[in-house]
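# Structure of the sequence below:
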Amino acid sequence: MTKARIAAAVLAVSAAITLAPAASAGTVKEICATDLYVRTQPAGVIVGTLYRGDHFELSRYSPSGDWAEGYAMGNVNKRGWVQSGWFC
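Numbers count the residues shown, from 1 in each chain. Predicted coordinates:
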């Protein structure tokens, strides 16, 4: 690979990283709902419950924005999906 191709590849990767949408992935959110089900997928099987004051480490939102995927802390301690809109 020539130096010019390497430089072009580096610029393309840099542009892709720069243009990636700003997300709050890795952000720890506090739960403000009285209780919030953690599910296997959006509207999926319930695998646990988070309570007011518990925390959820956000990885990503569903395309609709109605669901959030991440790591449920508290008594759940596993990855899953919760309805978005219940964070403080």
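# Flag the shaky bits of the chain, pLDDT-wise.
The chain contains residues with pLDDT under 70 at 1-25.
# residue boundaries of the strands in it?
For the chain, the strands defined by DSSP state E cover 28-30, 35-39, 46-51, 55-61, 67-72, 78-83.
# now those as TSV including mean neighbour count?
Using the backbone N, CA and C atoms, a C-beta is placed for each residue, glycine as well. Supplementary listing: the strands of the chain in TSV, determined by neighbours: other CB atoms under 10 Å:
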stretch	mean neighbour count
strand 28-30	15
strand 35-39	19
strand 46-51	16
strand 55-61	17
strand 67-72	21
strand 78-83	19
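# centroid residue for the chain?
residue 59 (2.0 Å; CA atoms, centre = their mean).
# so how far is residue 34 from that one?
Separation of residue 59 from residue 34 (CB to CB, to the nearest Å) stands at 24 Å.
# how about the nearest residue to residue 66 once chain neighbours are set aside, phi and psi?
Leaving aside its chain neighbours, residue 66 sits nearest to residue 84 (6.1 Å; criterion: CB to CB, 6 or more residues apart in numbering). Phi and psi for residue 84, reported as degrees, to the nearest 10, are phi -80, psi 170.
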